[in-house]
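[1] Quick one: sequence plus predicted model below, questions after.
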Amino acid sequence: MPSIGHIQLPEFPLLLAPMEDVSDPPFRAVCKANGADVMYSEFISSEGLIRDAIKSLKKLDFEEEERPFAIQIFGGDEEAMGQSAAICEAVNPDFIDINFGCPVKKVALKGAGAGVLKDIDLMERLTKSVIASTKLPVTIKTRLGWDDNTKNIEEVAERMQDIGVAAISIHGRTRCQLYKGVADWSLIAKVKNNPRITIPVFGNGDIDSPQKAKEYKERYGVDGIMIGRAAIGYPWIFREIKHYFATGELLPAPTLEERIDVCKKHLNKSISWKGQVVGINEMRRHYTNYLKGLPGIKDFRLRLVTLNQPIEIHEVLDEIAAHYKNYCFERTAIELIDYHQNCPL
């Protein structure tokens, strides 16, 4: 079974990807309850942590039941990355993850995230600084390369392992692809099959059904799968994959009652953690997938994203439950909503 440092993982772990403005404690809670094995924080600016930025510090919050849990940091300055790793260690996560994969301009073009893929020497220095500043295992999340002409992930994996990285998660696209086209897992498989690589290799990109998860597990031989966009508004993806691995059978799609119940729990946790205004506003991104497939749902959804009082939102959700009480969901592949503007993976 794979392990990250001293942390033993399940035989084939399912990891919830770190997603900016998505992977907060309320979202992680509903995913954990439905089978996600490894949790990550939203990605956190190293500079923000050092200057005590309130938003960055709040992202350090996590619950004991989320373990194994990682805090993910990003940045382009060695000293700042080292200092932020020490700050993260103080709240006692299980490991620290470095984001070398975020493709958005505000991060990548400032020499952080996927921007570091253009300078592997810098990537090595940044990673060494983090490793030297913490006793916790350090992992990285990255991409195949900057563009089609610089797919350097095999060199990256070897060099990161050599300096002490405990695991690597690879998104099967380049930075320039953003989230377009089909993720290429063949290079992820090359990393995994490299006889020099002994650390766990986790694959990421386009997993949106139990069938695809099983196919990619068997075809590419990775140590686990990281899932991001497919879990937004659909935390059941984790339990469905596990059931399919174990039995070869597909679970029935979650019922309307279950969707409404989990949606309410998610909303309540969001308000409890962030306060009413922010909690309600940030919950709005999730309604589309929670209610996906219901015919004529647009008017209900428009009401949900304009209301500002929890009791009113609960009333609309109850209306939806009553209106569609006899509706049976069909199983389809999950539509991957494009959240790349907020750097989800």
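    Nice, I can see it.
[2] Do a quick rundown of the helices in the stretch 151-300 of the chain.
    Using DSSP state H, counting those that start in this stretch, the helices of the stretch 151-300 of the chain run over 153-162, 186-193, 210-220, 237-247, 256-274, 276-283, 287-290, 298-304.
[3] mind giving me TSV with those helices and columns for distance to Cys31 and mean neighbour count?
    (Each C-beta comes from the backbone N, C-alpha and C, glycine too.) Output for these, formatted as TSV (distance: least, C-beta to C-beta, whole Å; neighbours: other C-beta atoms under 10 Å):
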stretch	distance to Cys31	mean neighbour count
helix 153-162	27	18
helix 186-193	22	18
helix 210-220	15	17
helix 237-247	6	18
helix 256-274	10	18
helix 276-283	15	16
helix 287-290	13	21
helix 298-304	21	15
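[4] weakest of those in terms of mean pLDDT?
    Ranked by mean pLDDT, the helices of the stretch 151-300 of the chain bottom out at helix 287-290, with a mean of 91.
[5] Tell me how far that one lies from the chain's centre.
    Averaging C-alpha positions (C-alpha atoms, centre = their mean, to the nearest Å) puts helix 287-290 17 Å from its chain's average.
[6] cool, and stretch 123-131?
    Relative to its chain's centre, stretch 123-131 lies at 22 Å (C-alpha atoms, centre = their mean).
[7] Ile168 is nearest to which of the helices of the stretch 151-300 of the chain?
    helix 153-162 (5.6 Å; C-beta to C-beta).
[8] Quick check: buried residues in stretch 90-106?
    Buried residues in stretch 90-106, counted by 16 or more other C-beta atoms under 10 Å: Pro93, Asp94, Phe95, Ile96, Asp97, Ile98, Asn99, Phe100, Gly101, Cys102, Pro103, Val104.
[9] Out of those, which is nearest to His314?
    So of the buried residues of stretch 90-106, ranked by how close each gets to His314 (C-beta to C-beta), first place is Pro93, at 33.3 Å.
[10] Isn't that closest one up against Ile71?
    Yes - contact criterion C-beta atoms under 8 Å: Pro93 and Ile71 qualify, at 4.7 Å.
[11] and for the two, which residues touch both?
    Ser41, Phe62 (C-beta atoms under 8 Å, 6 or more residues apart in numbering).
[12] So what's the residue count around Gly296?
    Residues near Gly296, counting by other C-beta atoms under 10 Å, number 8.
[13] Just the pLDDT at it, thanks.
    In this prediction, Gly296 has a pLDDT value of 94.
[14] cool, the one 10 residues further on as well?
    In this prediction, Thr306 carries a pLDDT score of 96.
[15] so who does it touch?
    Thr306 touches nothing, counting by C-beta under 8 Å, 6+ apart.
[16] That one and Leu251, how far apart?
    34 Å (C-beta to C-beta, to the nearest Å).
[17] now Gly181, nearest residue through space, not along the chain?
    Arg173 (7.0 Å; C-beta to C-beta, 6 or more residues apart in numbering).
[18] distance of the one you found from Ile232?
    Taken as C-beta to C-beta, the span from Arg173 to Ile232 is 18 Å.
[19] ok, now which ones touch Arg125?
    Glu78.
[20] Mind listing what's buried along the helix or strand it falls within?
    In this assignment (DSSP states H and E), Arg125 forms part of helix 120-132. Buried positions in helix 120-132, judged by neighbour count with 16+ other C-beta under 10 Å: Ile120, Leu122, Met123, Glu124, Leu126, Thr127, Lys128, Ser129, Val130, Ile131.
[21] What count of nearby residues applies to the residue lying closest to Gln161 once chain neighbours are set aside?
    Nearest non-adjacent residue to Gln161, counting by C-beta to C-beta, 6+ apart: Ile199, 5.2 Å away. Counted with other C-beta under 10 Å, residues neighbouring Ile199 total 20.
[22] Fine, thanks again, bye for now.
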